[in-house]
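Q: Just the structure for this:
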Amino acid sequence: MNTCSSTSASSSAAIVYDAAERRYEYLEHTADIKVHAWGPTLELAFCAAAIGMIGCITEVELIKIDPAEEGKQITAAGHDLPSLLYSFLDEILFLFHSEFFLTRKLALGTVEKTNSSSFTLAAELYGEHFD
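A: A predicted model of the protein is given here:
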């Protein structure tokens, strides 16, 4: 298990990623925002992309983890890895739009191949509600 910070996150998590370990950058783009994320594993790169996306909404460093709030569970699926990433980011964005929830810490399971061309992953998100 790669651990980027200590946590009481789900024991089934392959990695735990906190925004303090910045593995993303913003690149120039004429029409929109472009986030370049990386990591030694696919799961770390997905987490970095998620935090990079949240960083477009607010300053990630200012998001506090509410100890009274349980982690938000999400799952994502895709027919290939790019569509899995899209689905994963879409779930996180949905939580922001529906519950005003911003994450700065993720506990992510491994990306699983469910059949010859489908992928899934599950994650637990920690953060706070946006005021």
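
Q: Gly127 contacts Thr103, correct?
A: Yes - between Gly127 and Thr103 there is a contact under CB atoms under 8 Å: 3.9 Å. (C-beta placed from N, C-alpha, C; glycine too.)

Q: So those two - more neighbours on which side?
A: Shown here are Gly127 and Thr103; by other CB atoms under 10 Å, Thr103 has more neighbours (27 against 24).

Q: Please pull up the helix or strand immediately following the lengthiest helix in the chain.
A: For the chain, the helix that runs over the most residues, judged by DSSP state H, is helix 81-99. Scanning forward in sequence from helix 81-99 by DSSP states H and E, the next helix or strand is strand 101-108.

Q: starting at the chain centroid, how far to that next one?
A: Averaging C-alpha positions (CA atoms, centre = their mean, to the nearest Å) puts strand 101-108 6 Å from its chain's average.

Q: ok so, going back, between Gly127 and Thr103, what contacts are shared?
A: Ile63 (CB atoms under 8 Å, 6 or more residues apart in numbering).

Q: next one: phi and psi at Leu62?
A: phi -90, psi -10 (degrees, to the nearest 10).

Q: how deep is it tucked in, by neighbour count?
A: Neighbour number of Leu62 under other CB under 10 Å is 9.

Q: Next: Glu21.
A: Using other CB under 10 Å, Glu21 has 13 other residues around it.
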